[in-house]
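Colleague: kindly return the folded structure for what I paste below:
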Amino acid sequence: MAEVVIVGSEEEAGELAASALVDLVRSRPDAVLGLATGSTPLSTYRALARRLRDDGLDVSRVRGFALDEYVGLPPGHPESYRAVITREVVEPLGLTPSLVHVPNGDPETIRTAADDYERAIADAGGVDLQILGIGRTGHIGFNEPGSSLASPTRVKTLTEQTRADNARFFDSPDDVPVHCITQGIGTILRARHLVLLAFGAAKARALADAVEGPVSASRPGSAIQLHPHATVIVDEAAAAELEHADYYRHAWANKPDWQGI
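Modeller: Here you go, the predicted model:
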């Protein structure tokens with residue numbers, strides 16, 4: 001079972017996740033981070049940037065791997081995940097740009113891009129801590145329902161629900177790409193620690209399926225149940241459909257401080 005931590009706000013969740021990241025970087029200055037995009041992890045990145053400044057931690061050797069990228073966006077497009085990661089993670093945290101990697105969504109090289117990305121993650125020694133969000137379809141990364149639980153990095157077709165959810169970032173819903181390249185569920189599960197964040201009532205059903213439902217390719221987020229070190233940090237609204245929410249609160253309230261998350 002994943003550890004579920006129910007908190008009062010996104011800001012509180014961000015502080016908690018940032019603490020885990022700071023502890024990791026202190027113990028391993030060349031740590032490998034798995035980086036999610038979208039609105040969900042922003043409170044974590046804001047809290048982490050503040051902690052790094054306050055603590056004076058050197059992050060020049062920290063490495064990063066983004067979960068996914070759209071296929072076919074022009075170079076430099078502001079909503080490419082390369083641009084988003086640079087804008088929301090690399091620059092605020094002061095990471096070394098050349099050490100932060102994003103899958104290559106160029107159609108000219110897409111046939112080999114997935115294997116290249118898998119190789120790069122392996123060459124880095126694997127991901128130490130992977131930050132995750134969860135979509136309303138239950139997807140983690142861009143692994144839509146039906147994705148193999150053993151899948152590697154690969155090209156996927158986005159559901160219409162996911163494209164609609166992401167349309168707010170584009171001028172028109174028609175501008176949202178149909179295809180992406182994403183770390184697979186099998187790739188994600190190889191990270192040594194998973195931290196999944198979810199906020200708001202719109203995520204409650206997908207979260208409950210992921211944490212308490214059957215493990216199924218129809219519910220990609222449920223794969224976290226197979227991981228030996230998965231932490232789920234959610235607000236009250238996202239936790240609304242969890243059957244065992246009272247137990248999660250009790251377990252967290254009585255957890256020894258030295259265990260961390």
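
Colleague: where along the protein do the helices fall?
Modeller: 10-27, 42-55, 81-85, 91-93, 110-123, 160-166, 185-189, 204-212, 245-253 (DSSP state H).

Colleague: would you mark the buried spots in the second one?
Modeller: In other words, helix 42-55. Using 16 or more other CB atoms under 10 Å as the burial criterion, the residues of helix 42-55 that qualify are 42, 43, 44, 45, 46, 47, 48, 49, 51, 52. Yep, even glycine has a C-beta here, placed from its N, CA and C like the rest.

Colleague: select, out of the helices of the chain, the one closest to residue 154.
Modeller: Closest approach to residue 154 among those is made by helix 110-123 (4.9 Å; CB to CB).

Colleague: on that earlier part again, of all the helices of the chain, which lies closest to residue 196?
Modeller: helix 204-212 (7.4 Å).

Colleague: how about the helices of the chain in JSON lines, adding mean pLDDT?
Modeller: Shown next, in JSON lines, are the helices of the chain (pLDDT from 0 to 100):
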{"stretch": "helix 10-27", "mean pLDDT": "98"}
{"stretch": "helix 42-55", "mean pLDDT": "97"}
{"stretch": "helix 81-85", "mean pLDDT": "95"}
{"stretch": "helix 91-93", "mean pLDDT": "97"}
{"stretch": "helix 110-123", "mean pLDDT": "98"}
{"stretch": "helix 160-166", "mean pLDDT": "90"}
{"stretch": "helix 185-189", "mean pLDDT": "98"}
{"stretch": "helix 204-212", "mean pLDDT": "98"}
{"stretch": "helix 245-253", "mean pLDDT": "97"}
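
Colleague: who's in contact with the residue nearest to residue 1 when sequence neighbours are not counted?
Modeller: Among residues not flanking residue 1 along the chain, residue 225 sits closest, at 6.9 Å (CB to CB, 6 or more residues apart in numbering). Going by CB atoms under 8 Å, 6 or more residues apart in numbering, residue 225 touches 1, 2, 210, 211, 215.

Colleague: 7 Å - rerun?
Modeller: 1, 2, 215 (CB atoms under 7 Å, 6 or more residues apart in numbering).

Colleague: go ahead and build a PyMOL selection from the buried members of the residues you listed.
Modeller: Remark: buried members of the contacts of residue 225, expressed as a PyMOL selection using 16+ other CB under 10 Å:
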select buried, resi 2
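
Colleague: of all the contacts of residue 225, which comes closest to residue 76?
Modeller: Taking CB to CB as the measure, residue 76 lies nearest residue 2 of those, at 37.8 Å.

Colleague: show me what contacts the closest one?
Modeller: Contacts of residue 2 by CB under 7 Å, 6+ apart are 211, 224, 225, 230, 231, 232.

Colleague: phi and psi next, for it.
Modeller: With angles defined as degrees, to the nearest 10, residue 2 sits at phi -70, psi 150.

Colleague: so residue 85 touches residue 34, yeah?
Modeller: No: between residue 85 and residue 34 there is no contact, the gap being 11.5 Å when judged by CB atoms under 7 Å.

Colleague: any regions of the stretch 101-250 of the chain where pLDDT drops low?
Modeller: Counting by pLDDT under 70, the stretch 101-250 of the chain shows no low-confidence range.
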